[in-house]
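In: Have a look at this fold, sequence not included:
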């Protein structure tokens, strides 16, 4: 049996609101990865899961930071972070 994908309920590390991502498990999973690595990869991919057969990439989620300081961000916090980064680039 092969599990093709899993819907993960994720909590935003900034606002603590829940959102869902679809973790693809049918492909070759890198050696040493666990469920948290798969969830981080799904959040980094940016697509939130709405309902069966529906995803949205306009209001995407993201991962900010590096190393142990990673933050998994919901669409609203991703937009706020993007705006902050854009403002910093133009300052």
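Out: Sure thing, it's come through. If you're wondering where the values come from, they're calculated on a predicted model, not measured in any experiment.
In: Report the next helix or strand after the strand or helix carrying residue 63 in sequence order.
Out: Residue 63 is part of strand 62-64, with elements assigned from DSSP states H and E. Next helix or strand after strand 62-64 toward the C-terminus (DSSP H and E): strand 71-73.
In: buried sites along that following strand?
Out: Buried residues in strand 71-73, defined by neighbour count with 16 or more other C-beta atoms under 10 Å: 72-73. Yep, even glycine has a C-beta here, placed from its N, CA and C like the rest.
In: For that strand, report the contacting residues that lie outside it.
Out: In this structure, residues lying in contact with strand 71-73 by C-beta atoms under 8 Å, 6 or more residues apart in numbering are 10-14, 39-40, 43, 61-65, 81.
In: okay, those residues in a markdown table with neighbour count, distance to residue 23 and pLDDT next?
Out: Shown next, in a markdown table, are these (neighbours: other C-beta atoms under 10 Å; distance: C-beta to C-beta, whole Å; pLDDT from 0 to 100):
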| residue | neighbour count | distance to residue 23 | pLDDT |
| --- | --- | --- | --- |
| 10 | 21 | 10 | 91 |
| 11 | 12 | 15 | 94 |
| 12 | 19 | 17 | 94 |
| 13 | 17 | 17 | 95 |
| 14 | 16 | 21 | 94 |
| 39 | 18 | 6 | 89 |
| 40 | 17 | 10 | 90 |
| 43 | 27 | 9 | 91 |
| 61 | 25 | 13 | 86 |
| 62 | 18 | 16 | 88 |
| 63 | 19 | 14 | 89 |
| 64 | 18 | 19 | 87 |
| 65 | 12 | 20 | 83 |
| 81 | 16 | 22 | 90 |
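In: Next one, pLDDT for residue 56 please.
Out: With respect to pLDDT, residue 56 scores 56.
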